[in-house]
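[1] sequence first, predicted model second:
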Amino acid sequence: MNVNNLLDVNDLEIVFSRRGRRDVRAVDKVSFSVAPGETVGLVGESGCGKSVTSLAIMGLLPKRGVRLGGSISFDGTELIGLPQDKLRRMRGRDLAMVFQDPMTSLNPVIPIGTQVTEVLVRHRGLSGDAARKEAADLLARVGIPDPARRLKEYPHQLSGGMRQRALIAMALAAKPRLLIADEPTTALDVTIQAQILELLKELVRESGTALIMITHDLGVVAGMCDSVHVMYSGRIVERAGRRELFGHPRHPYTGGLLASIPRLDQPRGERLEPIQGSPRDMLAWAEGCAFAPRCRNRVEECVGTPPALGPDRLRPEHELRCYNPLGGSND
Amino acid sequence: MTEQTNDDVLMSVRGLKVHFPIKKGVFVDKVVGHVRAVDGVDLDIRRGKTYGLVGESGCGKSTLGRAMLRLVEPTDGTVTFDGVEMRSLRPEPLRLLRRRLQMVFQDPLASLDPRQSVESILTEPLRTHAFKGDHGARVRELLDVVGLPANAAGRYPHEFSGGQRQRVGIARAIALNPEMIIADEPVSALDVSIQAQIVNLLEDLQEQLGLTYVVVAHDLAVVRHVSDTIGVMYLGAIVEESSSDELYAEPLHPYTIALMSAIPIPDPEVEERRERILLTGDLPSPANIPPGCRFHTRCPFRQTTRCADEVPALREIRPGRKVACHWSEEIVSGRIQAAASSHDPTATEVGLPV
Amino acid sequence: MSLGAAEAAITVAEEQGGGLWREAVKRLSRNPAAIIGAVLIALFVFVAIFADWLAPYTAMAPDLSQIEGPGHVPGPSAEHWLGLDDNGRDLLSRIILGARQSLLVGVVSLLFGMAGGIILGLLAGGLGGWVDSTVMRLVDMMLAIPGLLFAIGIAAMLGQGMTAVMIAIGVVNIPVFARLLRGQMLAQREADYALAAKSLGVKRSRIILGHVFPNSLTPVIVQGTLTLATAIIEAAGLAFLGLSGEDPSIPEWGRMLAESQRHLANAPQLVIAPGVAIVLAALGFTLLGEALREALDPKYRR
């Protein structure tokens, strides 16, 4: 474990229990780190546990019915089990989050300006005119035209893209060291998405903020992230630097995803190669590899003992959880 | 009997408009304006081919799809299906015509009646149009064709995954062997790994059953993959129409150019190299469409003349390539450059004149 | 010929689902409030049906052996578990027999109100246009009058007796159901499955009756259970006010409450017994109704 890491997630476990139902293990011993200023991608489809992981880091999971295990260490401080008041102080100042749906993340009855200045007052001790000026500057920085007027407007008066920009402004207002963006552009049109992603890239570059980008869109990851972690059914199944992952996908799930997406920059003739089955067709990790029922590369060992996440012998810059990866054996 | 070639036109749309009135008033409703969801569209759908309608939210593509089936009443224009002008049909003949024109919906959970078993869902079209033949056998056949097990018939929609529900929706649409299917965002509500399955299924069915498709979607990569011809929509009108190969190789309309450059590609090398053409400003409301070219308020290539006053017609600047832009030729030749780019994402300036 | 079946390799859900109702019942069985409610209702219904066999004495015969003097109201004893009322009749028996009356009134008035409300709601929600406006104006007018006053007015107009009470309570509840059903139908008419049915060429009347209406009934049914609770209370209320007629041979909890008021100080059990009975009966239906609402809510699925 590199002591210089900003965030160290170690063997994180998140289990949901509901009355009368079996426990759901949403996240099953996930470990990853984020260095200061690094942009990390957490990729996976619905149900893989990526969103829940981010909520756990922010301490936003409900207390009842949720069991957390493992460790989340932010700059030396252990976040799991940290009392609420300490967590609250860290939120905004050290850690901030941007959510998927800007409409529900903003308070509809409070003007945008007040929501931004709230952060400034809390974490940077500004007040009155100083706070308002800074808020206007922030809105301008995120590309909202005519910011002074917008301060008084309500969320519903802004478009989806503008709302997301406002959210980003709020998240970055207190200059946090880590920003988590959970599907920040999924609900937006693609041309707006491009604007928002460019904005995010620039802002984190300028301020040196580390960014965890959570998404199901491999294209977004390819454009933004330094390192990528692919999640499936609550575990990380592959991780590597961006170029390494896309250049040489090793896990059949990653390879399957890449092969099943139609790409604009490639000829259209070929039939797509989908991953068979549905996300529901999975084994519990305890019984073997969760992806086995859908995997084309499946071999005998896959059902029985679950594969461990370890360095890829063939490609040292990769970490892999697979007995029979694409492009050759791990042994 | 006229000779039917592969290129004959199955459906022809001319000047189609769907305007929703905006009403205000306390006792008596007064019409104060219109939401011009579809604002004058011409297109031809060729038999056996796939026409893709692509655009972002608010462009009217879904409304257009529904208007083409008269599920939404057009305000103006004509829709001619196999020689029959649909707007002039009375309710009963229209209802009977529907067996030839079907729709697949975006949200499979919402488009299947939660109280109906799959068997009941699939027999409903058969009963409605007095299908002669064993309904039970036909249901089993349909399930097989879309890749669902026979025991799915007794289940209810909420028991299935999204992809499986969409298969049920597709089975329902093909139950009566229609000639044309309009698929409204058929895969957007599905997980990425499932989307490809459904796309392949739709393609296979087209080949097997000789279907004609209109695919409405916002995902340009998916639309390009399945379509022969693509119409790009913006604020209620088609701004560019061409074959899908040519559209990607050389987009002509500024909106198409921006749209293409915005789509993320899962390849870090490509992502790094590409130059993004970014749009500025917000999408205008369809109740308040800008004068002149409807795109001019956000166009990175906007010029000081013509763009704000004259409405550009959808003209064929080359065989098979239609664009609604006054300055297409200049943009293609490079005489006009785009303004805002990825180097200045917060730029609020637009198009510098040549 | 099976296209894409290899790709699909589908596995459909293991457990037998079988529609919304079966799932709802499963969910209910895990909800303690629902179980309590169900038990209370079962008890109530059982007592009401088998009242004649359960009641130790008849409602009418006074047991003079217990009474020591004028105005004496004997409390609980070995022979009379709840004691006697101020006419010397066994209180427990009267409570048990009163259950039948309350259930009868509650159910009949509910059915009347529900039927009327559903018809109006169906017309308004199904036909729209001027039918909708007219029906809704009528409903608004009815809702403008406070419920109990309205019921009193109707019962008084119709003369006294339990039938009048039942009709009155029924009428008062019509607008609630009408508005509820109409609202649901308007929403469901815009749903994609209704549009899908239209695109299949299904006739409009079939879409309304076969698709929209059944999908709009759920909140109406939930409201039904809740209204049954209030109907029981309202019936007791009207009886308390003396509108349900004077036939002493049929005990009625509300009337028992009214008649025993003067004995609140010296024989409170005369008031408490019917009061508790009313509360428990209403509670049972309320608990089950609320649990049912939760169980049928599609958002809770999975």
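    Arrived safely. Numbering: from 1, shown residues only, chains lettered A, B, ... in the order given.
[2] which residues does B:Thr50 contact?
    B:Thr50 sits next to B:206, B:212-215, B:226-229 when contact means Cβ atoms under 8 Å, 6 or more residues apart in numbering or on different chains. No exception for glycine: its C-beta is placed from N, CA and C like everyone else's.
[3] mind giving me the ChimeraX command for buried ones among those residues?
    This is how ChimeraX selects the buried members of these, with burial counted by 16 or more other Cβ atoms under 10 Å in any protein chain shown:
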select /B:206,212,213,214,215,226,227,229
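[4] ok, the residue nearest to A:Thr117 when sequence neighbours are not counted to A:Lys152 distance?
    For A:Thr117, ignoring the flanking residues on the chain, the nearest one in space by Cβ to Cβ, 6 or more residues apart in numbering or on different chains is A:Ala131 at 4.3 Å. Here A:Ala131 is placed at a distance of 14 Å from A:Lys152 (Cβ to Cβ, to the nearest Å).
[5] tell me which of the two has more neighbours.
    Of the pair A:Ala131 and A:Lys152, A:Ala131 is the one with more neighbours under other Cβ atoms under 10 Å in any protein chain shown, namely 21 against 11.
[6] so who does that one touch?
    A:117, A:120-121.
[7] relative to chain B, how far out is it?
    Distance, A:Ala131 to chain B, by Cβ to the nearest Cβ, to the nearest Å: 22 Å.
[8] tell me the contacts of B:Gly33?
    B:Gly33 makes contact with B:21-22, B:287-288, according to Cβ under 8 Å, 6+ apart.
[9] let me fix that: A:Leu82
    A:59, A:90.
[10] so it belongs to a helix, correct?
    No - looking at A:Leu82 with DSSP: H, G, I helix; E, B strand; the rest coil, it is coil, so not inside a helix.
[11] around chain B, pick out the residues from the stretch 1-150 of chain A.
    Near chain B, the residues belonging to the stretch 1-150 of chain A are A:45-46, A:141-143, A:145 when assessed by Cβ under 8 Å from any Cβ of the partner chain.
[12] skipping adjacent residues, who's closest to whichever residue of chain C sits closest to chain A in space?
    Closest residue of chain C to chain A, Cβ to the nearest Cβ: C:Arg30 (4.0 Å). Spatially, and ignoring its direct neighbours in sequence, C:Arg30 is nearest to A:Gly20 (4.0 Å; Cβ to Cβ, 6+ apart).
[13] helix/strand/coil for the one you found?
    Following three-state DSSP, A:Gly20 is assigned to coil.
[14] counting neighbours, what do you get for it?
    10.
[15] and it, how far from C:Leu28?
    Distance from A:Gly20 to C:Leu28, by Cβ to Cβ: 11 Å.
[16] low-confidence ranges in the stretch 201-350 of chain B?
    The stretch 201-350 of chain B contains residues with pLDDT under 70 at B:340-350.
[17] quick one: contacts for C:Gln269?
    C:75-76, C:82-83, C:91.
[18] what's in contact with the top helix by length along chain A?
    When chain A is parsed with DSSP state H, its longest helix is helix A:190-207. Under the criterion Cβ under 8 Å, 6+ apart, residues A:37, A:39, A:141-143, A:160-161, A:164-165, A:168, A:172, A:175, A:179, A:181, A:184-185, A:188, A:209-211, A:220, A:223-224, B:56, B:218, B:220, B:258-259, B:261-264, B:276, B:278-279, B:342, B:345-346 lie in contact with helix A:190-207.
[19] for chain A, give me its nearest residue in the stretch 251-354 of chain B.
    Relative to chain A, the nearest point of the stretch 251-354 of chain B is B:Pro264 (2.8 Å; Cβ to the nearest Cβ).
[20] from C:Thr227, how far off is that residue?
    Distance from B:Pro264 to C:Thr227, by Cβ to Cβ: 55 Å.
[21] just to be sure, B:Val199 is in a helix?
    Yes - per three-state DSSP, B:Val199 lies within a helix segment.
[22] just to check, it is in contact with A:Leu272?
    Yes - the criterion here is Cβ atoms under 8 Å, and B:Val199 meets it with A:Leu272 at 5.7 Å.
[23] more crowded one of the two?
    Remark: of B:Val199 and A:Leu272, B:Val199 carries more neighbours, 22 against 19, as counted by other Cβ under 10 Å.
[24] next, give phi and psi for the residue in chain A that chain C sits nearest to.
    Residue nearest to chain C within chain A: A:Gly20 (4.0 Å; Cβ to the nearest Cβ). Main-chain torsions, A:Gly20, degrees, to the nearest 10: phi 80, psi 0.
[25] around chain A, pick out the residues from the stretch 101-250 of chain B.
    Counting by Cβ under 8 Å from any Cβ, the stretch 101-250 of chain B sits next to chain A at B:161-164, B:191-197, B:199-200, B:203, B:218, B:220-222, B:224-225, B:244-245, B:248.
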